[in-house]
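**Student:** 3D, please:
(one chain, ligands or ions: 1)
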Amino acid sequence: MVLPKKFEDRMKELLGEEFNEFLHSYNDKYKTGLRVNRLKLTGEDFAVISPCPIEPIPWTTNGFYYDGKNQPAKHPYYHAGLYYIQEPSAMLPAALLQVEPGDKVLDVCAAPGGKSTELAAKLGGTGVMVSNDISNSRAKALLKNIELFGVRNPLVISEDPANLVKYFPEYFDKILVDAPCSGEGMFRKDPAIMKNWEQYGVEYYNNLQKNIILYAADMLKPGGYMVYSTCTFSPEENEGTIRYLLENREGFTVEPIERVEGLGYGHPEWIGSDDEQLKNCIRVWPHKVEGEGHFVVLLKKSADVGTISYTGYPFKKVDLSAEAEDFLKQLDIDFDPDRFELRDERLYYLPKGLPNLKGLRILRLGLYLGDMKKNRFEPSQALANALKISDYTNILNIFSDSKDAVKYLKCETLDMSENYITCKNREEYDILVAAKKAGKEDMKNCSGILLEKKKKNTWFLVCVDGYPLGWAKYSNNGMKNKYLAGWRWM
Ligand SMILES: C[S@@+](CC[C@H](N)C(=O)[O-])C[C@H]1O[C@@H](n2cnc3c(N)ncnc32)[C@H](O)[C@@H]1O
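**Tutor:** Got it, this is the predicted structure:
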């Protein structure tokens, strides 16, 4: 691989004797990884059902390497939001931020959601997950991933952090700044990034980073934690940005981290500094670990800085239609009636503890439950993804060894005539699923199971091997596929 000369010269100077080893790593193939969605299953559970061989990534509990020849994104499990395809080193920033249930969490530069989806999973539906990206088009991809993952407490926005800080001063318990950067750590994975590097250079990104990190610092609560990360090697964008923060905001410290073998330390001397705490930063080197180049640092804001009080979000009482009420009653979710919101016939369930958001560019506030139309309620795709199979009564479970799961994802009509078994209760259902798993002869040709309580005009939660994919509606004309057309499998 031919690297830009200016980049090579700088790395040679920084790395000295290590440089040749670093350079040789560019002859190796980049490592492919996936991260399991803990909102749906654990890493251990996934290891049993994984569609391809996997190996654990040492710095996470739910990240795995897979061989790049496989295509896990082409499996129905991917469309059930069971995992996110992510470069292994990129899993470190979210792994490092210790999110507690009930926290208010901000991901400042979030698109397309590789880290927001993990932070949201750590929150497990509690608190608030605010995911922002200045680019509106990228924020749309972010929203899809948030909904695919089944996040129940999202606020997805597209704002300049300079504006965000007006709404959220000292509001967040935890913040991630996965900053835009010159991308030197990604040259091996995506050589096209070298062109961008040559065009913009380090200084352009460093100016952006310095701006963003100060706004983020002002949005962090006293006593809160912030992770700053980049996928580049240049000292200015890394230790340099952290020094800039320490010089411009009081009360921040660089926290020491327990690190797995192979993860390197920060280099204050590379920016002419003798601040020892900068050594607590983590540098991820492609010649030291199985992953691409990254920089990650955990920062703490002292608890001694003042606090701000907020006027809360102006909730208005929503009168649910009889149909909506009837549908929501079927879900095993304990809704707080004060947190519903109706906008243009769309019903949402909002996170707790929000401030006033008037004027923000919002792509999604809360869990979109469905459309409350005259005489009917239509549940949303986002709701299907946010449910567990045990949360709802009428189930159409398709086995992943049948072609019907892909047919469903392609929005095709399902022919339910032959290879489906119908049952009336969970016990029967569980016995049939266990028989299929055990490879019992009489279940061999079975494509799926229908668990039903009502017959006509009923919404069925369509699952693959027990993990929700979307909705189907049963009526006189049979089972109608209601998978979201915009998400159709291509
Ligand atoms: C490294 S990427 C983020 C990747 C993301 N965290 C993930 O894991 O999927 C940096 C992002 O920062 C966004 N960005 C650039 N300038 C920004 C700014 N001033 N404020 C917020 N986001 C910005 C870019 O649109 C880009 O999506």
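
**Student:** contacts, neighbours, all on C-alpha from now
**Tutor:** Fine.

**Student:** How are the strands of the stretch 101-250 of the chain distributed by residue range?
**Tutor:** Here the stretch 101-250 of the chain has its strands, by DSSP state E, counting those that start in this stretch, at 104-107, 128-132, 154-157, 172-178, 220-230.

**Student:** got the domain boundaries for the protein?
**Tutor:** Here the domain parsing of the chain from automatic domain parsing is 5-30+87-301, 388-487.

**Student:** Mind telling me which of the ones you listed the model trusts least?
**Tutor:** Mean pLDDT values for the domains of the chain show the minimum at domain 388-487, a mean of 92.

**Student:** which of the strands of the stretch 101-250 of the chain is buried the deepest?
**Tutor:** strand 128-132 (a mean of 28; mean count of other CA atoms under 10 Å).

**Student:** Neighbouring strands of that one in the sheet, and parallel or not?
**Tutor:** strand 104-107 (parallel), strand 154-157 (parallel) (DSSP bridges).

**Student:** give me the number of residues near the residue in the stretch 351-490 of the chain that the ligand sits nearest to?
**Tutor:** Proximity of the stretch 351-490 of the chain to the ligand (CA to the nearest ligand atom) peaks at Arg361, 12.8 Å away. Counted with other CA atoms under 10 Å, residues neighbouring Arg361 total 16.

**Student:** quick revisit: how about TSV for the domains of the chain, with distance to the ligand added?
**Tutor:** Formatted as TSV, these follow (distance: least, CA to the nearest ligand atom, whole Å):
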stretch	distance to the ligand
domain 5-30+87-301	4
domain 388-487	19
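
**Student:** Return the most buried member of these.
**Tutor:** Stretch with highest mean neighbour count among the domains of the chain: domain 5-30+87-301 (a mean of 20; mean count of other CA under 10 Å).

**Student:** sorry, back to before: as a markdown table, the strands of the stretch 101-250 of the chain with distance to Lys210 would be great.
**Tutor:** A markdown table is the format used below for the strands of the stretch 101-250 of the chain (distance: least, CA to CA, whole Å):
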| stretch | distance to Lys210 |
| --- | --- |
| strand 104-107 | 16 |
| strand 128-132 | 17 |
| strand 154-157 | 21 |
| strand 172-178 | 11 |
| strand 220-230 | 11 |
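
**Student:** Find the residue at the geometric middle of the protein.
**Tutor:** Thr117 (1.4 Å; CA atoms, centre = their mean).

**Student:** In contact with the residue nearest to that residue when sequence neighbours are not counted: list those residues for me.
**Tutor:** Setting aside the residues directly before and after it, Thr117 is nearest to Ile146 in space (CA to CA, 6 or more residues apart in numbering), at 6.0 Å. Ile146 makes contacts with Gly113, Ser116, Thr117, Pro154, as judged by CA atoms under 8 Å, 6 or more residues apart in numbering.

**Student:** Let's see that with 10 Å instead.
**Tutor:** Listed by CA atoms under 10 Å, 6 or more residues apart in numbering, the contact set of Ile146 reads 81, 112-114, 116-118, 120-121, 129, 131, 140, 152-156, 364, 382, 385-386.

**Student:** now swap in Ala217 and tell me
**Tutor:** Counted by CA under 10 Å, 6+ apart, Ala217 has contacts 165, 169-170, 172, 175, 177, 224-226, 245, 248-250, 252, 299-301.

**Student:** where's it relative to Asn206, distance?
**Tutor:** 16 Å (CA to CA, to the nearest Å).

**Student:** Equivalent analysis for Phe7, please.
**Tutor:** Phe7 is 16 Å from Asn206, by CA to CA.

**Student:** Now for the residue of the stretch 351-490 of the chain closest to the ligand: which residues touch it?
**Tutor:** Asn132, Ile134, Asn136, Val156, Ile157, Ser158, Glu159, Asp160, Leu164.

**Student:** Swap in 7 Å and give it another go.
**Tutor:** Ile157, Ser158, Glu159 (CA atoms under 7 Å, 6 or more residues apart in numbering).

**Student:** can you give me the strands for the stretch 351-490 of the chain?
**Tutor:** Under DSSP E, counting those that start in this stretch, the stretch 351-490 of the chain gives strands at 362-365, 367-373, 376-379, 395-398, 420-423, 448-451, 458-464, 467-475, 478-481.

**Student:** Make sure Glu184 is actually in contact with Glu237.
**Tutor:** No. In this structure Glu184 lies outside contact range of Glu237 using CA atoms under 7 Å: 10.8 Å.

**Student:** How about Asp160, nearest residue that isn't a chain neighbour?
**Tutor:** Ile134 (5.5 Å).

**Student:** ok, now which ones touch that neighbour?
**Tutor:** Ser158, Glu159, Asp160.

**Student:** Contacts only, for Arg339.
**Tutor:** By CA under 7 Å, 6+ apart, the neighbours of Arg339 are Tyr349, Leu350.

**Student:** Could you tell me the phi and psi values at it?
**Tutor:** Backbone geometry at Arg339, expressed as degrees, to the nearest 10, gives phi -110, psi 10.

**Student:** What's the separation between it and the ligand?
**Tutor:** From Arg339 across to the ligand, the span is 28 Å (CA to the nearest ligand atom, to the nearest Å).

**Student:** If I look at that residue, what pLDDT would I see?
**Tutor:** Taking Arg339 on its own, its pLDDT is 96.

**Student:** and if you look at the one 4 residues further on?
**Tutor:** We note a pLDDT of 95 for Arg343 in this prediction.

**Student:** number of nearby residues for it?
**Tutor:** So Arg343, with other CA under 10 Å, has 9 neighbours.

**Student:** same question, the one 10 residues further on
**Tutor:** Look at Gly353: counted by other CA under 10 Å, it has 14 neighbours.

**Student:** per-residue confidence for the closest residue to it other than its chain neighbours?
**Tutor:** Using CA to CA, 6+ apart and skipping the chain neighbours, the partner closest in space to Gly353 is Gly312 (6.8 Å). pLDDT, Gly312: 84.

**Student:** right, and Gly312 touches Pro355 too?
**Tutor:** Yes. Counting by CA under 7 Å, Gly312 does reach Pro355; the two are 4.4 Å apart.

**Student:** out of the two, which sits in the busier spot?
**Tutor:** For Gly312 versus Pro355, neighbours defined as other CA under 10 Å are more numerous around Pro355 (15 against 12).

**Student:** Make sure the more buried one is actually in contact with Tyr313.
**Tutor:** Yes. In this structure, Pro355 is within contact of Tyr313 by CA under 7 Å, at 4.7 Å.

**Student:** Contacts for stretch 258-269, please.
**Tutor:** With CA under 7 Å, 6+ apart, stretch 258-269 has contacts from 58-59, 239, 274-275, 278-284, 288-289.

**Student:** Just give me the closest of the contacts of Ile134 to Cys423.
**Tutor:** Ser158 (46.1 Å; CA to CA).

**Student:** Now do the contacts for the closest one.
**Tutor:** Asn132, Asp133, Ile134, Ser135, Asn136, Ala139, Arg361, Ile362.

**Student:** Kindly report the same for Lys6.
**Tutor:** Here Lys6 is in contact with no residue (CA under 7 Å, 6+ apart).

**Student:** how close does it get to Phe295?
**Tutor:** 20 Å.

**Student:** likewise Asn476?
**Tutor:** 58 Å.

**Student:** Ala73 too?
**Tutor:** Counting by CA to CA, the gap from Ala73 to Phe295 is 27 Å.
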